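**Student:** Generate coordinates for the sequence data below:
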Amino acid sequence: MTTDEIVNLENKLEIPTYSKMPMALVEGDGAYVWDAEGNRYLDFYGGHCVSLLGHSPAPVVEAIKEQAEKLLFYSNVAHSPVRAQAAERLTSLAPEERDWQVFFANSGSEANETSLKLARKYTGRSGVVALEDGWHGRTLGSLATTHDEKYRTPYLDVLPETTWIPVGDLDAAEEALAGEDVAAVLLEPIQSIAGMKEIPADFVQGLRDLCDTYGTLLAFDEVQTGVGRTGAFSMADHLGTTPDLISLAKSLGAGVPVSSVLVTDKVAMTVESGDQGSTYGGGMLAMAAVKATLETLVEKNLMARATAIHEQVRKHVGPVVEEVRGRGCLMGLKLDRPVGPVKDALREQGVLVGGSSDPHVMRLMPPLVVSDEDVKTFADALHTALDETPAPAEAA
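**Tutor:** Below is the predicted model:
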């Protein structure tokens, strides 16, 4: 099928929920993807922060194939060796300050909803505190904690109430927690969609102290920051603060839909049979992908590679942008002009990047396997794209 045929068929049959790039991708390998006409693109978008190991990484492909030939699926009503091994590998990488158990689901939004359900069960409370500009998902429970009003407004009559506090305002946090009905404080350690805004470590530590004081759980939404993308398995390592619950998703299966919630033992002890479930959560193909992804991440020391890639990007493009945000392979480039035309110019040169809710912040979420040469290719393309798109003074 040609790109036009694919686009026309999707537009005819799918509800119009996404603004899509004007190409149809049919193949991927490492840091590159190809469209239906054979055009190659350097992927610094990563399928929206998913392709941790690059596209179709051999260890994950082989693990899925091997598992599919043995047993394609059985629900988690039965025990599974690959699920047990994936859980063992995952919990071994979690922050060392706690003992952890895990619940497997299918998407980041599900993971965040599960996290909030567990917090409500543990505390016996219903309230949730979240941060302004945070993004936690589109299903109703997680949507209730997503700050952007344009996504929440159509559903306000059915959404649970959330109290939002400004980033950095511990007085507002204490005022919210003192009401004694708050089950959890939920936060993204780096607010990706908001423009890769990193939450200050001292503020997160202050929230930890307040949660301990008021008997509230601290939950990290690491759907994008987790699984080594920032140079550490969890942002808890960067922040020096360990939460009670950690949601993981995007990078966990290196392209296979899967998510999880890491749960401290003290919280897990309050969970009873029937409190939580998922037919497809913990499915065998996903568990094979998780196990292979985590093994590859460790064996190839890719968390260190994430940090090196960040340093290379900063070196090559730092002088031509206003700011390089984020950590590891979760980066935001603040430009002196709107990102949209720059994104288009990059795509014309065969480079894919993302935007954000801040029109001047470009998001980069490349796989941890990009080479120094790939970084240089991106940097050269960005220089050209900036030359081709007008800065504000020129546009006037």
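
**Student:** and the closest residue to residue 68 other than its chain neighbours, what is it in contact with?
**Tutor:** Closest residue in space to residue 68, ignoring its immediate chain neighbours: residue 285 at 6.2 Å, by C-beta to C-beta, 6 or more residues apart in numbering. The C-beta positions use only the backbone N, C-alpha and C, and glycine is treated the same way. The neighbourhood of residue 285, defined by C-beta atoms under 8 Å, 6 or more residues apart in numbering, consists of 64, 67, 68, 72, 73, 256.

**Student:** before we move on, what about residue 85?
**Tutor:** 287, 291.

**Student:** element containing it, please.
**Tutor:** helix 81-93 (DSSP states H and E).

**Student:** okay, that helix in PDB with CA atoms only?
**Tutor:** Listed next in PDB are the C-alpha coordinates belonging to helix 81-93 (Å, rounded to 0.1, in the frame of the first residue of the first chain):
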ATOM      1  CA  PRO A  81       7.700 -18.800  34.700                       C
ATOM      2  CA  VAL A  82       8.300 -15.800  32.300                       C
ATOM      3  CA  ARG A  83       6.100 -13.600  34.500                       C
ATOM      4  CA  ALA A  84       8.000 -14.600  37.600                       C
ATOM      5  CA  GLN A  85      11.300 -13.900  36.000                       C
ATOM      6  CA  ALA A  86      10.200 -10.500  34.700                       C
ATOM      7  CA  ALA A  87       8.900  -9.600  38.200                       C
ATOM      8  CA  GLU A  88      12.200 -10.700  39.700                       C
ATOM      9  CA  ARG A  89      14.300  -8.700  37.300                       C
ATOM     10  CA  LEU A  90      12.100  -5.600  37.600                       C
ATOM     11  CA  THR A  91      12.000  -5.500  41.400                       C
ATOM     12  CA  SER A  92      15.800  -6.100  41.500                       C
ATOM     13  CA  LEU A  93      16.200  -2.800  39.700                       C
END
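
**Student:** Where does pLDDT dip in the protein?
**Tutor:** 393-396 (pLDDT under 70).

**Student:** now with 80?
**Tutor:** Counting by pLDDT under 80, the chain contains low-confidence residues at 180, 392-396.

**Student:** Mind checking what secondary structure the residue nearest to residue 68 has?
**Tutor:** Of the three states, residue 285 takes helix under DSSP: H, G, I helix; E, B strand; the rest coil.

**Student:** For residue 259, see how far away it is.
**Tutor:** For residue 285, the distance to residue 259 (C-beta to C-beta, to the nearest Å) stands at 14 Å.

**Student:** now do residue 51
**Tutor:** Counting by C-beta to C-beta, the gap from residue 51 to residue 259 is 16 Å.

**Student:** Pull the number of nearby residues for the closest residue to residue 216 other than its chain neighbours.
**Tutor:** Sequence neighbours aside, residue 182 is the residue nearest to residue 216 in space, at 4.9 Å (criterion: C-beta to C-beta, 6+ apart). By the measure other C-beta atoms under 10 Å, the count of residues near residue 182 is 24.

**Student:** on that earlier part again, tell me the helix or strand right after the helix holding residue 85.
**Tutor:** Downstream of helix 81-93 (by DSSP H and E), the next one is strand 100-105.

**Student:** Could you list the residues in contact with that next one?
**Tutor:** With C-beta under 8 Å, 6+ apart as the criterion, strand 100-105 contacts 76, 83, 86-87, 90-91, 94, 111, 114, 118, 258-265, 268, 276, 278, 281-282, 286-287.

**Student:** Report the buried members of those residues.
**Tutor:** Neighbour counting over those (16 or more other C-beta atoms under 10 Å) leaves 76, 83, 86-87, 90-91, 94, 111, 114, 118, 258-264, 268, 276, 278, 281-282, 286-287 as the buried ones.

**Student:** list the buried ones in stretch 354-366?
**Tutor:** 354, 355, 356, 358, 360, 361, 362, 363, 364, 365, 366.

**Student:** residue contacts, residue 328?
**Tutor:** 228, 229, 230, 231, 232, 303, 306, 307, 309, 310, 368 are the contacts of residue 328 under C-beta under 8 Å, 6+ apart.

**Student:** about what we covered before: hang on, the residue nearest to residue 216 packs against residue 176?
**Tutor:** Yes: the pair residue 182 and residue 176 qualifies as a contact (C-beta atoms under 8 Å) at a distance of 6.4 Å.

**Student:** Which residues are in contact with each of those two?
**Tutor:** With C-beta under 8 Å, 6+ apart, residue 182 and residue 176 have common neighbours 129, 163.

**Student:** what is the residue nearest to residue 216 paired to in the beta sheet?
**Tutor:** Counting by DSSP bridges, residue 182 forms beta bridges with residue 127.

**Student:** what separates it from residue 123, distance-wise?
**Tutor:** 8 Å.

**Student:** Now list whatever residues contact both of these two.
**Tutor:** Residues touching both residue 182 and residue 123 (C-beta under 8 Å, 6+ apart) are residue 216.

**Student:** in the stretch 1-150 of the chain, which spans are helices?
**Tutor:** Taking DSSP state H, counting those that start in this stretch as the criterion, the stretch 1-150 of the chain carries its helices at 3-13, 46-49, 58-70, 81-93, 108-123, 140-143, 149-152.

**Student:** closest one to residue 385 among the ones you listed?
**Tutor:** The closest of the helices of the stretch 1-150 of the chain to residue 385 is helix 46-49. By C-beta to C-beta, the value is 18.8 Å.

**Student:** Next, the buried residues of that closest one.
**Tutor:** For helix 46-49, by 16+ other C-beta under 10 Å, it's 46, 47, 49.
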